[in-house]
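Trainee: output the structure for:
(2 chains)
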Amino acid sequence: MKRTSTDVLPGEGALGDEPLLAVDNLHVEFHTRAGTVRAVNGVSYTVAPGETLAVLGESGSGKSVTAQAIMGILDMPPAVIPKGEIRFKGTDLLKLSEEARTQVRGQRIAMIFQDALSALNPVFTVGWQISEMFRVHRGMSKADAMKKAVELMDRVRIPAARQRVHDYPHQFSGGMRQRIMIAMSIALDPEVLIADEPTTALDVTVQAQIMELLAELQRESQMGLILITHDLGVVADVADKIAVMYAGRIVENAPVYDIYKAPAHPYTKGLLDSIPRVDQKGQDLYAIKGLPPNLLDLPTGCSFHPRCPYRQDNCVTDVPPLYEISGTRGSACHYWREVLDGERQ
Amino acid sequence: MASGSERILEVRDLVKHFPLTQGIVFKKQIGAIKAVDGVSFDLNRGETLGIVGESGCGKSTLAKVLMALERPTSGSVVINGRDIAKAKGGELKRMRRNIQMVMQDPYTSLNPRMTVGDIIGEPYEIHTDVAPKGDRRKRVQDLLEVVGLNPDHINRYPHQFSGGQRQRIGIARGLALQPEIIVCDEPVSALDVSIQAQVINLLERLQNEFNLAYIFIAHDLSVVRHISDRVGVMYLGKFVELGKDAEIYDRPAHPYTQALLSAVPVPDPEGREQRERIILQGDPPSPANPPSGCRFRTRCWKAQEICAEEEPLLQIRPGTTHESACHFAETHDVVHVS
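Mentor: So this is what the prediction gives:
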């Protein structure tokens, strides 16, 4: 594999104990006229090669902002990163020059966006947009780059790729457009792929196709995959480990099997309990009461306390740290023991 | 769930084609999008019929035709013995009181320049004889209370509410004329996961309270199962399977239903490697030019010659207890296979 001018980054294989990608105590704020929106408040997670990390959270939980910070595509200003590190193979990306970051972006870390129709440029053919990766980053000729684009479209299983490479995004169905997004993102063999709600806009049958494709590509190339989603079903299907986000913090992280068996944070537990189950038919569903908090005015102490059934007095005043439950698990709840032992609804 | 035996909605051979035209001055029809192409079902008082299917299968067009927002190409929609598809003028207006709708997106379906009171009270402006003028404000406040909102917020604007609260406003507007049928078109899919359960509980409570019948259109199959008494599965403008919720989910007979159910991710990682997955190839064909015979045959693993020649009718097939439209219908439990 030929890599051009990425000398600013450590060489291959010199990983040591350092994970492939590590987000460490990241903070992101947006300075707006209405005040400071604290979108991400100290998020840490790691991804290893070939591993799938699912970042689970509702809208406004900061899951996408974290991903955009990793990619370096936040608009700054209004966004500010006051603290934190994003280490890719040991190098803090936030300290790199813009030029060096451009080398990382797309080549080493790539991203798939939720809405393929608005992420693709409507006035260029898909072949042009895929081959742009090779022209810009690899300096290939137009003809060679176009050949590579056809190969990639074959790889993501778009039928009749040789003809369709000259079509425009609107001529493809939603699932096919998402395949084109995937083709663009894997064009330069990235080591980390961030998929931000890659199947939310798609039907379940197409979702199954796309998730299978991602899993296969990941097996072939041993990419680290960060899957950002709010769908508990998709997570259970593909994730190795999960980070649950709420109001800009990670409230629970754990291997996938542990979290579904026994959640250790009231929010995770509430989400799992509110999934309709067959034996609950005709009964009320468990519902987390209240609303997600306003990021302009976060509750004191634990951000979840106004909605929490386990709340005690100190939850209102003390921000819970991420308590270590075991070597691979953590929960940001003062009363995680009670939650862990508690009955599932 | 109360499911009285009184039938309030009868849909027979409902067809809605949208013409495809060519030419600007002299338009000539060169084909039709067959959005809904022969749908029949009944709905009883207090019952919920769930409708599932992929995007483009005609679910939302069906909803619009039921509401008489679109005129059907042919077929009938009989509500309490009268055909709304043929009704006009004052009669249509009166019939519409009985069938109301809750829209998918609470962010775009509420007018941002109207207060909540005006939005929920607007049905009374149109149907003036339902509530006398002096009584309307009180009625709106009652409705706000019924859907779990603060009646004092009557003068607020939609942007002052969260997504879940806005959907409650939409539900209150649907209830204003005391309809017997409410068509819910993806009522929770735009909401956050932690809010969805609240809205579903509300819909169920209202159903019990007012003995409402729901047509519940959604793509989240677990939500549909939770709320529905019967479920219809749509593919390219037709029902391919129709039955009680347990029949559809535990004993699906049509290959498309089986594929659809197996594609739904199960929120439990236990045994995920062994789970059966039927992954359909390709996309649904265009409704402008559906395949001959069975419409699903182009993606079906059971397809044989007869499927291209003869269209399978929606009927009870040997070995099954509910209607399905497949020549080779065979119950197969895809979800619980371990």
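
Trainee: mind listing the helices for the chain?
Mentor: In the absence of a named chain, this looks at chain A. Secondary structure of chain A (DSSP state H): helices at A:63-71, A:98-104, A:116-119, A:126-138, A:142-155, A:161-164, A:174-186, A:204-221, A:232-238, A:256-261, A:266-273, A:313-317, A:336-341.

Trainee: um, chain B though
Mentor: Using DSSP H, helices in chain B cover B:59-66, B:89-96, B:116-126, B:136-146, B:163-175, B:193-210, B:221-227, B:245-250, B:255-263, B:305-309.

Trainee: same list, the ones you listed, but as a markdown table with mean neighbour count and mean pLDDT please.
Mentor: Using the backbone N, CA and C atoms, a C-beta is placed for each residue, glycine as well. Output for the helices of chain B, formatted as a markdown table (neighbours: other CB atoms under 10 Å in any protein chain shown; pLDDT from 0 to 100):
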| stretch | mean neighbour count | mean pLDDT |
| --- | --- | --- |
| helix B:59-66 | 23 | 90 |
| helix B:89-96 | 13 | 88 |
| helix B:116-126 | 19 | 90 |
| helix B:136-146 | 17 | 90 |
| helix B:163-175 | 24 | 89 |
| helix B:193-210 | 20 | 87 |
| helix B:221-227 | 23 | 88 |
| helix B:245-250 | 20 | 88 |
| helix B:255-263 | 25 | 89 |
| helix B:305-309 | 14 | 89 |
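
Trainee: residue B:47: which of those helices is closest?
Mentor: helix B:193-210 (9.1 Å; CB to CB).

Trainee: isn't residue B:56 up against residue B:285?
Mentor: No. If you go by CB atoms under 8 Å, residue B:56 and residue B:285 don't touch, sitting 9.9 Å apart.

Trainee: so, low pLDDT: which residues of the stretch 1-150 of chain B?
Mentor: For the stretch 1-150 of chain B, the stretches flagged by pLDDT under 70 are B:1-4.

Trainee: for chain A, what is the nearest residue in chain B?
Mentor: Proximity of chain B to chain A (CB to the nearest CB) peaks at residue B:265, 3.0 Å away.

Trainee: need phi/psi at that residue.
Mentor: phi -70, psi 130 (degrees, to the nearest 10).

Trainee: how about it, nearest residue that isn't a chain neighbour?
Mentor: If the residues on either side of it in the chain are set aside, residue B:265 comes closest to residue A:233, at 3.0 Å by CB to CB, 6 or more residues apart in numbering or on different chains.

Trainee: hmm, residue B:264 and that neighbour touching each other?
Mentor: Yes. The pair residue A:233 / residue B:264 is scored as a contact, 6.6 Å apart, by CB under 8 Å.

Trainee: buried set for stretch B:149-162?
Mentor: Neighbour counts over stretch B:149-162 (16 or more other CB atoms under 10 Å in any protein chain shown) mark B:149, B:153, B:154, B:156, B:157, B:158, B:161, B:162 as buried.

Trainee: and what of stretch A:43-52?
Mentor: Residues A:43, A:44, A:45, A:46, A:47, A:48, A:51, A:52 are the ones in stretch A:43-52 that count as buried (16+ other CB under 10 Å).

Trainee: which of the residues you listed fall in strands?
Mentor: When the buried residues of stretch A:43-52 are checked against strands (DSSP state E), the matches are A:43, A:44, A:45, A:46, A:47, A:52.

Trainee: quick check: bridge partners of the third one?
Mentor: Applying DSSP bridges to residue A:45 gives these bridge partners: residue A:23.

Trainee: for residue B:182, same thing?
Mentor: With DSSP bridges as the rule, residue B:182 is bridged to residue B:100, residue B:214.

Trainee: neighbours around it, how many?
Mentor: Counted with other CB atoms under 10 Å in any protein chain shown, residues neighbouring residue B:182 total 23.

Trainee: how much space separates it from residue B:46?
Mentor: Residue B:182 is 12 Å from residue B:46, where distance means CB to CB, to the nearest Å.

Trainee: joint contacts of the two?
Mentor: Common neighbours of residue B:182 and residue B:46 are listed as B:212, B:213 (criterion: CB atoms under 8 Å, 6 or more residues apart in numbering or on different chains).

Trainee: stretch A:174-183: how far from the chain's middle?
Mentor: 17 Å (CA atoms, centre = their mean, to the nearest Å).

Trainee: touching, residue B:127 and residue B:177? I think so.
Mentor: Yes. If you go by CB under 8 Å, residue B:127 and residue B:177 touch, sitting 6.0 Å apart.

Trainee: can you give me the neighbour number for the residue of chain B closest to chain A?
Mentor: When neighbours are counted by other CB under 10 Å, residue B:265 comes out with 22.

Trainee: need the per-residue pLDDT for it.
Mentor: Here, the pLDDT recorded for residue B:265 equals 83.

Trainee: that one contacts residue A:239, doesn't it?
Mentor: No. Contact status for residue B:265 versus residue A:239: not in contact, 10.8 Å apart, counting by CB under 8 Å.
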